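[1] Give me a 3D structure for the following:
(one chain, ligands or ions: 2)
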Amino acid sequence: LFASVELAPRDPILGLTEQYVADKRGNKVNLGVGVYCDDQGRIPLLEAVRRAEIKRVEAAAARGYLPIDGIAGYNKGAQTLLLGPDSTLAAEGRVLTAQALGGTGALKIGADFLKQLLPDSKVAISNPSWENHRALFERAGFEVVAYTYYDAATHGLDFDGMLAYLRGLPARTIVVLHACCHNPTGVDPSFEQWQQIAQVFQEKQLVPFMDIAYQGFGAGLEEDAAVVRLFAGLGLDMLISSSFSKSFSLYGERVGALTMISGDRDESARVLSQLKRVIRTNYSNPPTHGGSVVSMVLNTPELYQLWTQELAGMRDRIRSMRDQLVDKLKAHGVKQDFEFVRKQRGMFSYSGLTSAQVDRLREEHGVYAIASGRICVAALNSRNVDYVAEAISKVL
Ligand code: PLP
Ligand code: TYF
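    Ligands and ions are numbered 1, 2, ... in the order given. Predicted structure coming up:
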């Protein structure tokens with residue numbers, strides 16, 4: 001039966017972590033995978049999460065099946081993070097949210113839903129984009145193209161190129177947008193640029209599928225949702241996949257959500273009924289624990305307050321690591337300009353290192369980065385940043 005099965009390639013990012021784990025050197029540093037580590041180099045358990053988990057265990061809650069679309073309070077909380085507490089769209093019943101298995105799960109149920117609705121549409125992702133975007137939408141049956149995005153020469157956005165590409169797409173093309181903290185480049189459009197991008201979506205009737213996996217890691221929870229609110233405010237029907245993996249440091253609990261904004265309450269009810277069908281035939285209903293914990297944090301004022309403080313702490317620590325990396329590169333005699341690293345947002349930086357330099361970093365210094373030159377700034381800490389800067393100075 002399985003004799004003809006071919007060996008599939010490893011996920012380039014998760015595969016690198018396997019290599020890192022097997023590395024016996026004591027000074028190794030994993031800047032590959034997008035995971036936030038604290039200054040001790042550990043994945044933190046947030047205090048807000050810990051308190052919610054204790055409450056949950058003490059309550060000895062039953063573990064029956066959840067509704068197909070998950071926990072109502074979780075969904076409302078996820079929606080409020082995106083649109084704010086006083087959203088008119090939500091009040092009008094035009095917004096639906098379903099708990100999903102991480103941001104990936106949200107993208108996948110969104111993709112499966114869209115394939116039924118728009119079987120002939122293409123999906124456009126940014127060039128470059130998160131490793132899994134292309135594969136996920138192709139698996140769902142779509143042809144995937146890539147829109148102009150990153151400009152290596154400026155370490156910034158090729159905004160004119162992006163607009164021109166989007167303008168050339170046929171109506172109803174599904175366009176995946178990173179709402180903030182672009183993965184892998186760390187380069188986001190400015191709000192003024194987003195306004196122009198939104199205008200193209202209106203004019204050309206493109207379908208926005210926003211991916212927000214790093215809300216709170218850019219400028220702040222509210223600020224990072226500005227693009228979602230901009231598009232929603234213009235009356236664009238859209239899909240949004242949220243991930244709480246990073247913002248709650250709950251990677252393995254698979255906490256995410258799919259939100260869809262439609263024309264009216266009736267449309268929304270029909271869309272939800274079809275989305276539930278997609279979920280039911282995939283995994284029936286989501287798991288209880290992670291969703292309950294996130295829901296408790298989002299809906300308990302003291303825990304919410306604590307969480308936003310902890311999130312701000314993570315955001316500030318990453319910013320400080322960006323500064324320290326740039327300063328230490330200079331201190332190690334690097335003449336190349338790395339100032340762009342300070343401007344990039346979120347966990348990642350497209351460092352401009354070539355794949356040959358990335359190989360040398362790994363082989364000679366035990367510093368792991370993605371072949372594209374992407375480094376996870378959130379894995380730097382006060383103990384390894386100098387070592388990493390020195391290693392980079394040696395391979396440049
Ligand atoms: N989208 C982007 C842009 C990401 O970087 C990630 C990272 O994991 C995801 C989606 C997937 O999120 P999750 O880990 O919650 O599935
Ligand atoms: O880009 C990253 O590193 C994170 C983690 O298949 C990740 O988004 C990477 C690859 C993957 C799933 C998650």
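[2] How about the secondary structure of the residue in the chain that ligand 2 sits nearest to?
    Nearest residue of the chain to ligand 2, counting by Cβ to the nearest ligand atom: Gly34, 2.9 Å away. Any C-beta I mention is one placed from the backbone N, CA and C, and that applies to glycine too. Classification of Gly34 by DSSP: H, G, I helix; E, B strand; the rest coil places it in coil.
[3] Over to Tyr214?
    coil.
[4] Am I right that it is in contact with Cys181?
    Yes - between Tyr214 and Cys181 there is a contact under Cβ atoms under 8 Å: 3.6 Å.
[5] what is in contact with those two at once?
    Counting by Cβ atoms under 8 Å, 6 or more residues apart in numbering, the common neighbours of Tyr214 and Cys181 are 224, 346-347.
[6] Taking those, please make a PyMOL selection of just the buried ones.
    Selecting just the buried residues from these in PyMOL takes one command, with 16 or more other Cβ atoms under 10 Å as the test:
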select buried, resi 224+346+347
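[7] So which of the shared contacts of Tyr214 and Cys181 sit within helices?
    Among the shared contacts of Tyr214 and Cys181, the members falling in helices (DSSP state H) are Asp224.
[8] pretty sure the residue of the chain closest to ligand 2 is touching Asn183, no?
    Yes - using Cβ under 8 Å, Gly34 makes contact with Asn183 at a distance of 6.4 Å.
[9] Give me the common contacts of the two.
    Joint contacts of Gly34 and Asn183 (Cβ under 8 Å, 6+ apart) are 347-348.
[10] Reduced to three states, what does Leu14 come out as?
    Under three-state DSSP, Leu14 falls in the helix class.
[11] what's the nearest residue to it if we skip its chain neighbours?
    Val33 (6.8 Å; Cβ to Cβ, 6 or more residues apart in numbering).
[12] OK, contacts around the one you found?
    13-14, 16-17, 376.
[13] Please indicate which of the residues you listed are buried?
    For those, buried by 16+ other Cβ under 10 Å: 13, 16, 376.
[14] separation between the second one and Ile375?
    In this view, Leu16 and Ile375 are 12 Å apart by Cβ to Cβ, to the nearest Å.
[15] Which parts of the chain are strands?
    Along the chain, counting by DSSP state E, strands occupy 29-30, 95-101, 123-127, 144-148, 150-151, 156-157, 174-178, 207-212, 238-243, 255-261, 348-350, 367-368, 374-376.
[16] Return the helix or strand in the chain with minimum mean pLDDT.
    helix 12-22 (a mean of 91; mean pLDDT, DSSP states H and E).
[17] Would it count as contacting ligand 1?
    No - if you take Cβ under 6 Å from any ligand atom as the test, helix 12-22 misses ligand 1, and the best it gets is 8.9 Å.
[18] Would you format the buried ones among the contacts of Val33 as TSV with distance to Leu118 included?
    Converted to TSV, the buried ones among the contacts of Val33 look like this (distance: Cβ to Cβ, whole Å):
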residue	distance to Leu118
Ile13	29
Leu16	35
Cys376	34
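[19] if we can go back for a sec, wait, does the least confident helix or strand of the chain make contact with ligand 2?
    Yes - applying Cβ under 6 Å from any ligand atom, one finds that helix 12-22 is in contact with ligand 2 at 13-14.
[20] Need the contact partners of that helix.
    Outside helix 12-22, the residues that touch it by Cβ under 8 Å, 6+ apart are 10, 28, 30, 32-34, 131, 362, 368, 370-371.
[21] With stretch 105-119 instead?
    98, 100, 121, 123, 132-133, 136-137, 139-142, 172, 174, 207, 209, 211, 239, 241-243, 254, 256-258, 260, 271, 274-275, 278-279, 282, 286.
[22] chain center to it, what's the gap?
    18 Å (Cα atoms, centre = their mean, to the nearest Å).
[23] what's the answer for stretch 9-29, then?
    Taking the mean of its C-alpha atoms, stretch 9-29 sits 21 Å from the chain's own mean (Cα atoms, centre = their mean).
[24] got the end-to-end distance for it?
    With Cα to Cα, to the nearest Å as the measure, stretch 9-29 spans 24 Å from end to end.
[25] Show me which parts of that stretch are buried, residue by residue.
    For stretch 9-29, by 16+ other Cβ under 10 Å, it's 13, 16, 20, 29.
[26] Can you pull up the most central residue in this structure?
    Compute the mean C-alpha point of the chain, and by Cα atoms, centre = their mean the closest residue is Ala213, 2.4 Å away.
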